[in-house]
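**Student:** would you be able to build a 3D model of this:
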Amino acid sequence: MKRPMSTTILVLTATATGLISGLFYSYSCSVNPGLGNLPDANYIAAMQSINKAIINPLFMMSFLGTLVLLPLSTYYSYNASMMLRFYLLLAATILYAAGVFGVTMLGNVPLNDALEKVNLQAASPAEVRAYRISFEGPWNYLHRIRSLASSGTLILVVLACVLGKE
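**Tutor:** Below you'll find the model as predicted:
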């Protein structure tokens, strides 16, 4: 039985959404709490290293791939017999674009860029502490938003998969 292109794209969308949601979830459950226990200079050095390492093809495929696949799935689902799927995917697209991609690009990335400029060898302990305070709280707050948004996006995509023919 030949599957329509829309099914293939929906499966890819669900996979990419699951991967990015899992990444943000794992950060919330383990990475951020673990980093939070580090001394100030170690915290900043670790975040600087993570911020460099995360920009890789696997991450970009799921992060940007989801941004492309969600509207594509939404477009392919638009027909009279599957309007529930269309609306679920439309909501997922908007939630991901604003709550994950938008928050990342307008919030987390500028914070990461500012943190990258911190020279730990030249900074005093008080300056290192101030850098951490100006970064950690806001970054974690924004991360919670995108974690919730990515989880909500995943729920909407799963619902579109299982309820979408109604």
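**Student:** the longest helix along the chain: which residues count as buried?
**Tutor:** The single longest helix within the chain, with elements called by DSSP state H, is helix 125-163. For helix 125-163, a neighbour-count test (16 or more other C-beta atoms under 10 Å) marks 128, 131-132, 135-136, 139-140, 142-143, 145-154, 156-161 as buried. All C-beta spots, glycine's among them, are computed from the backbone N, C-alpha and C.
**Student:** what mean pLDDT does that helix get?
**Tutor:** The average pLDDT for helix 125-163 rounds to 96.
**Student:** quick check, central residue of this protein?
**Tutor:** By C-alpha atoms, centre = their mean, the chain has its centre lying nearest to residue 100, at 4.9 Å.
**Student:** check what pLDDT that one gets.
**Tutor:** So residue 100 comes in at 98 (pLDDT).
**Student:** what residues are up against the nearest residue to residue 129 once chain neighbours are set aside?
**Tutor:** In this structure, residue 129 finds its nearest non-sequential neighbour in residue 40, 5.1 Å apart by C-beta to C-beta, 6 or more residues apart in numbering. When contacts are counted by C-beta atoms under 8 Å, 6 or more residues apart in numbering, residue 40 touches 125, 128, 129, 131, 132.
**Student:** does the second one touch residue 122 like I think?
**Tutor:** No. Residue 128 sits out of contact with residue 122 when judged by C-beta atoms under 8 Å, with a separation of 10.1 Å.
**Student:** now do the contacts for residue 92.
**Tutor:** Residue 92 makes contact with 17, 70, 74, 152, 153, 156, 157, 160, according to C-beta under 8 Å, 6+ apart.
**Student:** could I get those as a markdown table with distance to residue 112?
**Tutor:** Shown next, in a markdown table, are the contacts of residue 92 (distance: C-beta to C-beta, whole Å):
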| residue | distance to residue 112 |
| --- | --- |
| 17 | 23 |
| 70 | 24 |
| 74 | 30 |
| 152 | 23 |
| 153 | 22 |
| 156 | 27 |
| 157 | 27 |
| 160 | 32 |
